[in-house]
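>>> Following is a predicted model, sequence given first.
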Amino acid sequence: MQRRVFLRNTALLAGAGLLFQKQAAARFFRTSEYNIRMLTSRAGIFTERGGTIGFLVTDDGIVAIDAQFPDTAQHFIDEAKKKSEKSVAYLLNTHHHGDHTAGNIAFKGIVSHVLAHENSLANQKAVAEKANNLDKQLLPDITFRDETKLKIGKAKIKGYYFGAGHTNGDAVYHLEDEGLVHMGDLLFNRRHPFVDRPGGASMVSWTGVLDKIAAKFGKDTTYIFGHAGTGYDVTGKQADLVAFRDYLQRVLDFANAEIKAGRTKEDFLKNTSIPGVTEWTGDGIQRPLAAAWDELTSK
Ligand SMILES: [Zn+2]
Ligand SMILES: [Zn+2]
């Protein structure tokens, strides 16, 4: 299925973009065996295992957003090496979780910089120190707090931080010329999310973060998501942000009502559905239920 999608999108490349960038993109994607899909003439996504990797082909090298795991990152890098003169030049991390940064190490000696939010760096370091595997990390060497601007070749990329959500260090990257925004794990498309409270997550703040993103980038933007439920896409539009925001709010409202009604957490976690939620189903419902309960009762 992925390969068919890839071929179809490759055919679409012919019509758009500056000559060099078109050629660079074409070289990069000619015979991919991996799950690569172009979203514009120069930018796309790589999916194998872990959080979605976004990328942008520029005339100054490829920019990768997130790194999955060492083995899958290597698949991505191998493709880049074969298909593009300049390979991967920059790596941006959306947040510190292993399914997005464990693969950073595969980019060692290849990329000139690794960028992340300052809390993402602190979290990545803290988790690695605890697991005693700091030597297996390639840590970000550039961090930002509120906003950052990169110019790579002719491409303009902006990084934003809108507050705590899935963790306390979730960066959002805007590929301005492509009309693409990589949201990392700030959006789980029709799949119950992980909520990393030890990593600074806040479901209450998360709803506000989604409002800010939707308002900032609007309806014309295509958003890249870290994860999606079976049968759902890892890209989408503003309506998907609104739907996920609504889902989070319903989880919070449900927890609030049950707390007020004097239920125990144990009983609350036995719920298999959330009132008013129809599209977020399947495994993992205890994750957001527990996180909402803990957040609302810890105040
Ligand atoms: Zn993830
Ligand atoms: Zn995550």
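Sure thing, it's come through. Ligands and ions are numbered 1, 2, ... in the order given.
>>> by contact count, what packs against the one helix or strand residue 206 maps to?
Residue 206 is part of helix 203-217, with elements assigned from DSSP states H and E. For helix 203-217, the packing partners by 3 or more CB pairs under 8 Å, 6 or more residues apart in numbering; DSSP states H and E come out as helix 238-260, helix 286-297. No exception for glycine: its C-beta is placed from N, CA and C like everyone else's.
>>> which helices and strands sit right next to the shortest one?
I take that to be helix 286-297. Under the contact criterion of 3+ CB pairs under 8 Å, 6+ apart, helix 286-297 touches helix 203-217, helix 238-260, helix 265-268.
>>> So for residue 68, which of those sits nearest?
Evaluated over the helices and strands packed on helix 286-297, closeness to residue 68 peaks at helix 238-260, with 21.9 Å, by CB to CB.
>>> quick check: mean pLDDT across the closest one?
On average, the pLDDT along helix 238-260 is 98.
>>> what does stretch 123-136 give?
Mean pLDDT, computed over stretch 123-136, is 97.
>>> about what we covered before: now do the helix holding residue 206 against helix 238-260, angle only.
With axes from the mean of the first three to the mean of the last three CA atoms, to 10 degrees applied, the angle from helix 203-217 to helix 238-260 works out at 160 degrees.
>>> Mind checking if helix 203-217 is in reach of ligand 2?
No. Applying CB under 5 Å from the ion, one finds helix 203-217 out of contact with ligand 2, separated by at least 12.2 Å.
>>> Numbering from 370 from now on, please.
Okay, using 370 as the starting number, the last item reads as helix 572-586.
>>> what helix or strand is residue 442 on?
Assigned by DSSP H and E, residue 442 belongs to helix 439-452.
>>> Could you do residue 495 as well?
Assigned by DSSP H and E, residue 495 falls within helix 487-500.
>>> ok so, going back, could the helices and strands packed on helix 655-666 go into JSON lines alongside distance to residue 503?
Listed next are these as JSON lines, based on distance: least, CB to CB, whole Å:
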{"stretch": "helix 572-586", "distance to residue 503": "29"}
{"stretch": "helix 607-629", "distance to residue 503": "33"}
{"stretch": "helix 634-637", "distance to residue 503": "35"}
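>>> Tell me which residue lies nearest the centroid of this structure.
The centre of the chain sits closest to residue 553, judged by CA atoms, centre = their mean, with a distance of 1.5 Å.
>>> Name the nearest residue to it, sequence neighbours excluded.
residue 463 (2.6 Å; CB to CB, 6 or more residues apart in numbering).
>>> show me what contacts the one you found?
420, 434-435, 469, 485, 489, 539-542, 551-555, 595 (CB atoms under 8 Å, 6 or more residues apart in numbering).
>>> Closest one to ligand 2 out of these, please.
Checking the contacts of residue 463 against ligand 2 by CB to the ion gives residue 554 as the nearest, at 3.6 Å.
>>> Local confidence estimate at the residue lying closest to residue 589 once chain neighbours are set aside?
Leaving aside its sequence neighbours, residue 589 sits nearest to residue 548 (CB to CB, 6+ apart; 6.1 Å). pLDDT for residue 548: 98.
>>> Compute the distance between residue 548 and residue 457, please.
Here residue 548 is placed at a distance of 22 Å from residue 457 (CB to CB, to the nearest Å).
>>> more crowded one of the two?
For residue 548 and residue 457, the more surrounded residue by other CB atoms under 10 Å is residue 457, and the numbers stand at 23 against 15.
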